[in-house]
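Asks: model the following, please.
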Amino acid sequence: MTPKSFTQEIHLSDGRSISLETGKLAKQADGSVVVRMGNCMLLATAVSARQASPVDFLPLTVDYREKFAAAGRFPGGFFKREARPSNEEILTMRLVDRVLRPLFPKDYHAETQIMIQLMSHDEEVMPDALAGLAASAALQLSDIPFETPISEARVARVDGAFIINPSKAQLEASDIDIMIGASADSVAMVEGEFDEVSEAEMLEAIKFGHDAIKQQIEAQVALAKAVGLKETREYEEEHNDADLEEKILGLAYQQCYDIAKSASSKSERSEKFSLLKDEIKEGYSEEELEEFGDLISKYFGKAQKKAVRDLVLNEGIRLDGRATDEIRPIWCEVDYLPSTHGSAIFTRGETQALATTTLGTSRESNIIDLPTEQGEENFYLHYNFPPFSTGEARPLRGTSRREVGHGNLAQRALKKVMPDDCPYTVRVVSEVLESNGSSSMATVCAGTMALMDAGVQIRKPVSGIAMGLITDGDKYAVLSDILGDEDHLGDMDFKVTGTENGITACQMDIKIKGLSYEILTEALEQARKGRLHILEKLVETIDSPAAQVKAHAPKMVKITIPNDFIGAVIGPSGKVIQEMQKETGTTIVIEEEGDVGVVEILGVEQEMIDAVIQRIENITFVPQKDETYEVKVVKILDFGAVVEFVPGNETLLHISEIAWERIEKVTDVINLDDTIEVKYMGIDPKTRKQKVSRKALLPRPERKNRPPRDKKE
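Replies: A predicted model of the protein is given here:
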């Protein structure tokens, strides 16, 4: 029996459509939906435990996976099955998580899983743009408590026109690539990259995407109504004590206000806040602490948050005493690490990043092998955030999703200024050594300087800044260069990177509903000024890329050869190319591109690189018919001499082509190691071998008159 299914269509302005279907697949999940656009199909499920978890937060897992079968491909590796998520899958999980998480009730602590799977791939559809819609639709079809439906949309701009959920081809031609996540009345998340666009152009793209999201939300609501709205499940709410909360607020608020106003460093504030909390707890008995200890800590945190926010709104004073638009002190240094190809330190207040640049061949490119994308990255950035950067000791469990996300943001910011003709594969690594406020933006700044120090000819330097917002609904304050505490206690985290001419990347998370575009416009303008101030500090340290790579860094030369000679350059079993690499200390990579072979030669010593080029030119040397060449005699034979055009490129000069007159021995005319001129006659049609002639360049002797023959009678 075919199950009853329900479908809702979303019609896009360009004639394409998106469908939402439920009732056919994964019916034991609390909510499930299939989202389809073209031949792209995503299955999203939502399941939440009936019992609350013992932790005091929402244990939410958003998982996005692309199945290789969806694209008719096999997974790589020995076991031929999908394993750990790729960076691209992790980035999609983060995009969805950042919009969903704030919309669950604050006191809902049940284990919750949102799983999104690409089941069918379409080359013309980018599935990550549909993941947020799929996740929200699954929640709307469930009884899981969730405040309001959301959706996400990717916006591109091609030839001045905005496009919703573009194809890969359209995205490659666009100067804007931005993902927007929002509810019907409020933008919650923005992330994207740009070709140095203005703040006004970015806002226009956000508004365009938000309009499309509203349409997608209407479809979710219509589908849920068609199926039959489920009553939101009851759950065990957190225990609260209004009297205790009021008492803790009275005890802690003013003292927290004073600490926030007077303490100058993160460690000093942390210590004073901790001592104050301990002092308040000392006023309670052991029995009371056992019963109410967690609530006391919770209410102290709320009092601390209110005090810090009120200080900013009432007096315009921030935790470290700065004005709202003031940037912390900055110092920079380049060429700090003597053995790297490029290095730079960027320190802003209590945040510090040490970036390195490494140059390599195409062999070091980052291979992308996904169901939805295959290719190589010749520029990539890795971001490391060790525990000591925040004064903590915690287990090391590999690269975190946060590190993947922050590294991707910095990479997108810098790749927009990478030169099109860069011969190298370039890897930038950022080691965060201190962190109190936007280490990802410090990574952008340090990465810019490390690239220039390495001699990578970036088009323009890039800087980045993290902005914050505190508002009580009536008053608001936009904060430049936010601290870690201001991020935690504030209402917005907005990171913007760019050159002096425009924005190259952004990432924004908004924690409140109904943020006006007027405030967003003001934040962007304040960010522009702060970003340019930081850029000035970078340029003071290094104002342009080094003209040459460092003496110990590899030099890269690319040459092309005809495809027919690739085998000769490599040699049997790689013998020729391996000998060249061993003798010159270089790395040689050959790739076939169309009808030519591209040869990359990487080496520290230019003399050795030149030697490789000469050897390859010798191997690929092709003499031209009827041209004259100076050759060296390298071997004497009974029937001629072996002559060498260039080292390794030899041919036979037959004895009959040495002179016009008949000679008995080759050595009567030429000897070993002689240098002579010959004419290249082309390929002999009889022998199918090269033919050269010495006598063709010599004057032809006149024929002697012979006496007439007697006629026979």
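
Asks: from here on, contacts and neighbour counts on C-alpha atoms
Replies: Will do.

Asks: residue 328 belongs to a strand?
Replies: No. Secondary structure of residue 328 (DSSP: H, G, I helix; E, B strand; the rest coil): coil, not part of a strand.

Asks: that one touches residue 481, doesn't it?
Replies: Yes. With contact defined as Cα atoms under 8 Å, residue 328 counts as touching residue 481 (7.2 Å).

Asks: who's more crowded, the two?
Replies: Ranked by neighbour count (other Cα atoms under 10 Å), residue 328 and residue 481 place residue 481 first, with 27 against 18.

Asks: now do the strands in the stretch 401-550 of the chain.
Replies: 425-434, 463-471, 476-480, 492-498, 503-510 (DSSP state E, counting those that start in this stretch).

Asks: how about the stretch 201-350 of the chain?
Replies: If DSSP E, counting those that start in this stretch is used as the criterion, the strands of the stretch 201-350 of the chain fall at 330-334, 342-348.

Asks: mind checking which of these is nearest residue 533?
Replies: Residue 533 sits nearest to strand 330-334 of all the strands of the stretch 201-350 of the chain, at 10.1 Å, using Cα to Cα.

Asks: buried residues, that closest one. List them.
Replies: Buried positions in strand 330-334, judged by neighbour count with 16 or more other Cα atoms under 10 Å: 332, 333, 334.

Asks: do the same with stretch 13-32
Replies: Going by neighbour count (16+ other Cα under 10 Å), the buried part of stretch 13-32 is 18, 19, 20, 21, 22, 23, 25, 26, 30, 31, 32.

Asks: check stretch 32-40 too.
Replies: For stretch 32-40, burial by neighbour count (16+ other Cα under 10 Å) applies to 32, 33, 34, 35, 36, 37, 40.

Asks: show me the shaky parts of this protein.
Replies: Low-confidence segments of the chain (pLDDT under 70): 1, 263-264, 704-713.

Asks: what about the longest strand in it?
Replies: Ranked by residue count and defined by DSSP state E, the top strand of the chain is strand 40-52.

Asks: so which elements touch that strand?
Replies: Judged by 3 or more Cα pairs under 8 Å, 6 or more residues apart in numbering; DSSP states H and E, strand 40-52 is in contact with strand 31-37, strand 110-120, helix 128-140.

Asks: could you redo the last one with a cut-off of 10 Å?
Replies: Secondary-structure packing of strand 40-52 (3 or more Cα pairs under 10 Å, 6 or more residues apart in numbering; DSSP states H and E): strand 17-22, strand 31-37, strand 60-66, strand 110-120, helix 128-140.

Asks: what's the offset of the first one from the middle of its chain?
Replies: Centroid displacement of strand 17-22 relative to its chain, using Cα atoms, centre = their mean, to the nearest Å, is 31 Å.

Asks: next one: stretch 13-28
Replies: 31 Å.

Asks: pull it out as CSV, backbone CA atoms only.
Replies: Written as CSV, here are the backbone C-alpha positions of stretch 13-28 (Å, rounded to 0.1, in the frame of the first residue of the first chain):
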residue,chain,number,x,y,z
SER,A,13,10.9,34.0,-10.1
ASP,A,14,13.2,32.4,-12.8
GLY,A,15,10.8,29.5,-13.4
ARG,A,16,12.5,26.9,-11.2
SER,A,17,10.7,25.4,-8.3
ILE,A,18,11.4,23.7,-4.9
SER,A,19,9.1,21.0,-3.6
LEU,A,20,8.6,19.8,0.0
GLU,A,21,7.2,16.3,0.4
THR,A,22,6.4,14.4,3.6
GLY,A,23,4.6,11.2,4.5
LYS,A,24,6.6,8.8,2.3
LEU,A,25,10.0,8.4,4.0
ALA,A,26,11.4,8.1,7.5
LYS,A,27,8.0,8.1,9.2
GLN,A,28,9.3,7.0,12.6
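
Asks: that older thread, so which of the strands of the stretch 401-550 of the chain is nearest residue 155?
Replies: Residue 155 lies closest to strand 503-510 among these, at 13.7 Å (Cα to Cα).

Asks: quick one: buried residues of that closest one?
Replies: Under 16+ other Cα under 10 Å, the buried positions of strand 503-510 are 503, 504, 505, 506, 507, 508, 509, 510.

Asks: got it, and stretch 637-644?
Replies: Within stretch 637-644, the residues that qualify as buried are 640, 641, 642, 643, 644, counting by 16+ other Cα under 10 Å.

Asks: for the third one, give its distance to residue 663.
Replies: When distances are taken as Cα to Cα, to the nearest Å, residue 642 and residue 663 turn out to be 17 Å apart.

Asks: repeat for the second one
Replies: Distance of residue 641 to residue 663, computed by Cα to Cα: 13 Å.

Asks: which residues do those two both contact?
Replies: Contact criterion Cα atoms under 10 Å, 6 or more residues apart in numbering; residues shared by residue 641 and residue 663: residue 655.

Asks: wait, residue 399 sits on residue 86?
Replies: No. At 11.6 Å, residue 399 does not count as touching residue 86 under the criterion of Cα atoms under 10 Å.
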